[in-house]
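Peer 1: with the sequence up front, the predicted model follows.
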Amino acid sequence: LLGELERAEQECGGLSDAAYQRSGDWLEKAAAGGSLAAQLYYAADPAQIFGSQADMLRQPDRVKDYKSKAMSYLSVASSNGSIDATLGLANAYWAGVLVDADPVRSYAYYYAVSSVDANLVPRRRMNDLAGGLSSQQLGDAISQGRKIYEQCCK
């Protein structure tokens, strides 16, 4: 992933200001074309697509479409083994911006990532999430996390 981003930075270093203004269009095309780096960046940085928050407020239908695409990119990339995407899903369900907040699902995705490398997960966030879940919910989250790990990360 880093190599792909570095290569893109080198290739795009001489772009004009007008080309930079259309960078969101290029990002959307690259994400739709299957570039993992573009899909992760697309999901992480809506400002590249919309510009300002005011621009987002003026385009509620486009924002809804963006959220759906972002979650789809993260889900597919996670299923294909991307730990970054799996962590992105954990964060999405924690923050409640791309989708409604869901502490059980958030914990499940964090659990899957921590099964790969515990250092990749904000331990305090996991502890805070766990503290807000019933024992039944925590058990469900761990069970879901194991399934996610099996599908994405093993």
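Peer 2: Looks like it arrived, so ask away.
Peer 1: quick one: list the elements packing against the helix or strand harbouring residue 126.
Peer 2: Taking DSSP states H and E as the definition, one finds residue 126 inside helix 123-131. Helices and strands touching helix 123-131, by 3 or more CB pairs under 8 Å, 6 or more residues apart in numbering; DSSP states H and E, are helix 103-116. (C-beta placed from N, C-alpha, C; glycine too.)
Peer 1: contacting residues around the helix it packs on?
Peer 2: With contact meaning CB atoms under 8 Å, 6 or more residues apart in numbering, helix 103-116 is reached by 78, 83, 86-87, 89-94, 120-122, 125-126, 129-130, 132-133, 137-138, 140-146, 148-149, 152-153.
Peer 1: what about those residues, which are in helices?
Peer 2: 78, 83, 86-87, 89-94, 125-126, 129-130, 137-138, 140-146, 148-149, 152 (DSSP state H).
Peer 1: now the buried members of those residues.
Peer 2: By neighbour count, with 16 or more other CB atoms under 10 Å, the ones in helices among the contacts of helix 103-116 hold 78, 83, 86-87, 89-94, 126, 129-130, 138, 140-142, 144-145, 148-149, 152 as buried.
Peer 1: beyond the helix or strand bottoming out on mean pLDDT in the chain, next helix or strand please.
Peer 2: Ranking every helix and strand in the chain by mean pLDDT, DSSP states H and E puts helix 17-21 at the bottom, with a mean of 54. Elements were assigned by DSSP H and E; along the chain past helix 17-21, the next helix or strand is helix 23-32.
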